[in-house]
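Colleague: this is a predicted model, with the sequence first.
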Protein chains: 2
Amino acid sequence: MTEISVTKADKVGTLPIDGKLGFGKIYTDHMFVMDYVSGKGWYSPRIVPYGEFGTVPATIVFHYGQAIFEGMKAFRNTDNQVAVFRANNYLNRLNRSAGFLCIPSVDVEQVREGLFKLLELDQDWVPGELGTALYIRPFVIATDKYIGLKSSNTYRLFIIMSPVGAYYETGFNPVSIKVEEKYVRATKGGLGQAKTPANYAMSLAAQEEAHAEGFTQVLWLDAVHRKYVEEVGTMNIFFKINGEIVTPELNGSILGGITRQTVLELARDWGLKVAERQISIEEVYEAQAKGQLEEIFGTGTAAVISPVGELSWKGERILINNNRTGKFAQKLFDYLTGVQYGNVPDKYDWMDKVKRK
Amino acid sequence: MTEISVTKADKVGTLPIDGKLGFGKIYTDHMFVMDYVSGKGWYSPRIVPYGEFGTVPATIVFHYGQAIFEGMKAFRNTDNQVAVFRANNYLNRLNRSAGFLCIPSVDVEQVREGLFKLLELDQDWVPGELGTALYIRPFVIATDKYIGLKSSNTYRLFIIMSPVGAYYETGFNPVSIKVEEKYVRATKGGLGQAKTPANYAMSLAAQEEAHAEGFTQVLWLDAVHRKYVEEVGTMNIFFKINGEIVTPELNGSILGGITRQTVLELARDWGLKVAERQISIEEVYEAQAKGQLEEIFGTGTAAVISPVGELSWKGERILINNNRTGKFAQKLFDYLTGVQYGNVPDKYDWMDKVKRK
């Protein structure tokens, strides 16, 4: 494996106080970069100062969107130890996304080595307050300098990192969700199972309309029948119905979330009845009518767990668990954040420690 | 309207001979650029030397694909007059695409002025051989430097131009097309009617698989029933069945092509029976079985008209018009390229002349 070169920044920044962090606005001093060219493979893995790079307008990613990304997090625990949550799961998913976009896969060990070297160097940027984290964004863009419509021959991988504030600034409160009837996130045979810009570009108009109507996010239904639940915003979705934990199965249009997988593992380990299956919005409303809909929540890297307090479908609004956070959602949130911040033993070996400086 | 500033390149290039042009590989000396920021609108329209610009890795377009583009062409006629085909139609479509992507619309008059000023300056780059053209690529990218998932507050519009060689290097020959059963280009409620990177990112895997199987392109079916014809590759598709010209109606998942619109206008003007309607792949195969399928062809800016000589659906191959270019496709191609290269009178006022230097 090629040695990773390191070029340190002349000037280093300082971590702002937590209240000023927000999401994805500030970046650490360095980044990991690696290039690819057909015939040679990935080369020149390096850590360099975060900053501008030159690109030409004909760079193919601007035109045809051949790109993938990941979103993962590092946390600082009360012993000042920095650790990354399930790093290998995220990096393996980057390779799965690569396949859907005709992007060459990476050597996960190499990228992992680059990531941990970068984290070692920039670990002072990991905030420590509960709820804060260092958000890690690995991404790959196609870099050919011409606009023929075909897979690029050249790519660049970046890992950039951003300290982020508490997701729940006003506490862990349930959100109000609009069941989306007009827009469709993804279809089978499309890119929905890949973490790629297309799915996010798709979501902007729906999100803006939902916000304008007073909702926090949308719940996506399937493209074909417009009745089966797929995701909520950019999260996976879970239901607790009559004691059973239900989440849509990975059907080809849903992103396989790492937090989704974690919740499934925990629920099974905790002895709950768990089903990954098709679930229609009618079934959700019927369960509510029968008094069997106990909880709904989203799962994702940013929010970890996001309780849904209200659904609106065709103008009919229902309150989930009286618009209060459910017990199972709370238990998951406490357990997961407990492990992430080092207050609950890491019995599943989810946390990968960063070497202290 | 703000005056367009012009900064000329120190060194200018020269147009290669036609055989070396290819598609989208070489760019002219200059480009038109304009910026946008919320609250201020589009500002600083300028013509500057084509070349690198600085960008940071957190630039939002790399992550969430908020971008749109157009593809149009300028031609040199035998009197050395350069003219653009239906410029306003393309620029108006840029604004329609902008709406779907939550991108602020542009002042078409301003962009048009920038384009024609750019063309005036770089007109020596327009090749003159039949089949060649100057391909014009206006595009807009989101440029916020942070990765929160929301519409960007800042954008940049570019117009770059590339001399392109003859699309039909080996003559105007029919192509072999695979009816795509695995991948879906777009779904109603998605971005299919916008000219945006997502749709092109989506097509890469299907295109690579079709090529590997010996086909030139794929024919896309609808997302819901997987039976109604949508597009062919990145072109609209037309059928001539029992004397009638049929093309799929603009149903929300199909891009409204300017060449499609032009063909419809011509066919109607020529007194042909024309239908924009749903057409299933079964109907196409049935028409073939009855001996009524006369022609199939794609329409698009790059190829103008692309005859389909063979279809393969579920392993069943049919030859269209005995794998020869149909009379209607040939007539359209001759008429359209005749107008574009100035050999047929421009009675519909499609060609906008560029001021000679």
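Modeller: Arrived safely, thanks for sending. Quick caveat, the model's predicted, so the values are computed rather than measured.
Colleague: and for residue A:270, the neighbour number?
Modeller: Residues contacting residue A:270 under the criterion other Cβ atoms under 10 Å in any protein chain shown number 13. C-betas here are computed from N, CA, C, even on glycine.
Colleague: and it, what does it touch?
Modeller: The neighbours of residue A:270, taking Cβ atoms under 8 Å, 6 or more residues apart in numbering or on different chains as the test, come to nothing; the list is empty.
Colleague: from chain B, how far off is it?
Modeller: Relative to chain B, residue A:270 is positioned 31 Å away (Cβ to the nearest Cβ, to the nearest Å).
Colleague: same question for residue A:125.
Modeller: Using Cβ to the nearest Cβ, residue A:125 is found at 14 Å from chain B.
Colleague: and the pLDDT for that residue?
Modeller: The per-residue pLDDT reported for residue A:125 equals 96.
Colleague: I figured residue A:307 hits residue A:328, correct?
Modeller: No. Under the contact definition of Cβ atoms under 8 Å, residue A:307 does not touch residue A:328, with a separation of 9.7 Å.
Colleague: give me the common contacts of these two.
Modeller: Residues touching both residue A:307 and residue A:328 (Cβ under 8 Å, 6+ apart): A:295, A:297.
Colleague: show me the helices in chain A, by range?
Modeller: Residue ranges of the helices in chain A, as given by DSSP state H, are A:61-64, A:87-100, A:108-121, A:197-212, A:258-269, A:281-289, A:327-340.
Colleague: want to throw those helices into TSV with mean pLDDT?
Modeller: As requested, these are exported to TSV (pLDDT from 0 to 100):
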stretch	mean pLDDT
helix A:61-64	98
helix A:87-100	98
helix A:108-121	98
helix A:197-212	97
helix A:258-269	98
helix A:281-289	98
helix A:327-340	97
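Colleague: export these to TSV and append columns for mean neighbour count.
Modeller: Below are those laid out as TSV (neighbours: other Cβ atoms under 10 Å in any protein chain shown):
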stretch	mean neighbour count
helix A:61-64	26
helix A:87-100	19
helix A:108-121	19
helix A:197-212	21
helix A:258-269	19
helix A:281-289	16
helix A:327-340	19
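Colleague: tell me which of those lies nearest to residue B:99.
Modeller: Across the helices of chain A, the minimum distance to residue B:99, taken as Cβ to Cβ, is reached by helix A:197-212, at 8.3 Å.
Colleague: any residues touching stretch A:303-321, and which ones?
Modeller: With contact meaning Cβ under 8 Å, 6+ apart, stretch A:303-321 is reached by A:167-168, A:172-179, A:181, A:215, A:219, A:232, A:235, A:237, A:259, A:263, A:281, A:284-285, A:288, A:293-300, A:323-326, A:329, A:332-333, A:336-337, A:340.
Colleague: shaky segments in chain A?
Modeller: Screening chain A residue by residue with the criterion pLDDT under 70, one finds the ranges A:1, A:169-171.
Colleague: I'd say residue A:199 and residue A:192 touch.
Modeller: Yes. If you go by Cβ under 8 Å, residue A:199 and residue A:192 touch, sitting 6.2 Å apart.
Colleague: hang on, residue A:103 packs against residue A:141?
Modeller: No. With contact defined as Cβ under 8 Å, residue A:103 does not reach residue A:141; the gap is 9.1 Å.
Colleague: give me the common contacts of the two.
Modeller: Common contacts of residue A:103 and residue A:141, defined by Cβ under 8 Å, 6+ apart, comprise A:66, A:67, A:155.
Colleague: now residue A:197: closest residue in space, sequence neighbours ignored.
Modeller: Using Cβ to Cβ, 6 or more residues apart in numbering or on different chains and skipping residues adjacent in sequence, the residue nearest residue A:197 is residue B:65, 2.9 Å away.
Colleague: what's the burial count for that neighbour?
Modeller: The burial metric for residue B:65, expressed as a neighbour count using other Cβ under 10 Å, is 28.
Colleague: these two touch, right, it and residue B:198?
Modeller: Yes. Applying Cβ under 8 Å as the test, residue B:65 and residue B:198 come out as touching, 5.8 Å apart.
Colleague: shared neighbours, these two?
Modeller: A:65, A:197, A:198, A:201.
Colleague: now the nearest residue to the third one once chain neighbours are set aside: how far from residue A:321?
Modeller: Pointing back at residue A:198 there. Once its chain neighbours are removed from consideration, residue A:198 has its nearest residue in residue B:198; the separation is 3.5 Å (Cβ to Cβ, 6+ apart). Relative to residue A:321, residue B:198 is positioned 36 Å away (Cβ to Cβ, to the nearest Å).
Colleague: just residue A:11 next, same as before
Modeller: Using Cβ to Cβ, residue A:11 is found at 50 Å from residue A:321.
Colleague: neighbour count: these two, which is higher?
Modeller: Counting neighbours by other Cβ under 10 Å for residue A:11 and for residue A:321 shows that residue A:321 has the greater number, 20 against 6.
Colleague: contact partners for whichever residue of the stretch 151-300 of chain A sits closest to chain B?
Modeller: Closest approach of the stretch 151-300 of chain A to chain B (Cβ to the nearest Cβ) occurs at residue A:197, with a separation of 2.9 Å. Applying Cβ under 8 Å, 6+ apart to residue A:197 gives the contacts A:65, A:67, A:69, B:61, B:62, B:63, B:64, B:65, B:197, B:198, B:201.
Colleague: pretty sure the first one contacts residue B:67?
Modeller: Yes. Here residue A:65 lies in contact with residue B:67, judged by Cβ under 8 Å, at a distance of 7.3 Å.
Colleague: sorry, back to before: adding distance to residue B:28, write the helices of chain A out as a markdown table.
Modeller: Formatted as a markdown table, the entries for the helices of chain A read as follows, by distance: least, Cβ to Cβ, whole Å:
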| stretch | distance to residue B:28 |
| --- | --- |
| helix A:61-64 | 17 |
| helix A:87-100 | 34 |
| helix A:108-121 | 38 |
| helix A:197-212 | 28 |
| helix A:258-269 | 46 |
| helix A:281-289 | 53 |
| helix A:327-340 | 53 |
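Colleague: so which of these gets nearest residue B:209?
Modeller: For these, distance to residue B:209 was read as Cβ to Cβ. The smallest value, 12.2 Å, belongs to helix A:87-100.
Colleague: what about that closest one and chain B, touching?
Modeller: Yes. Under the criterion of Cβ under 8 Å from any Cβ of the partner chain, helix A:87-100 makes contact with chain B via residue A:100.
Colleague: show me what that helix is packed up against.
Modeller: Packed against helix A:87-100, as judged by 3 or more Cβ pairs under 8 Å, 6 or more residues apart in numbering or on different chains; DSSP states H and E, are the following elements: strand A:67-69, helix A:108-121, strand A:133-142, helix A:258-269.
Colleague: for the first one, the distance to its chain's centre please.
Modeller: Remark: strand A:67-69 is offset 12 Å from the chain centroid, using Cα atoms, centre = their mean, to the nearest Å.
Colleague: mind listing residues that contact that strand?
Modeller: Residues outside strand A:67-69 that contact it (Cβ under 8 Å, 6+ apart): A:61, A:94, A:97-98, A:101, A:103, A:137-142, A:194-197, B:62-63, B:65, B:201.
Colleague: show me what contacts the residue in the stretch 1-150 of chain A that chain B sits nearest to?
Modeller: The shortest separation between the stretch 1-150 of chain A and chain B is 2.9 Å, found at residue A:65 (distances taken as Cβ to the nearest Cβ). Contacts here follow Cβ under 8 Å, 6+ apart; on that basis residue A:65 touches A:196, A:197, A:198, A:201, B:65, B:67, B:196, B:197, B:198, B:200, B:201.
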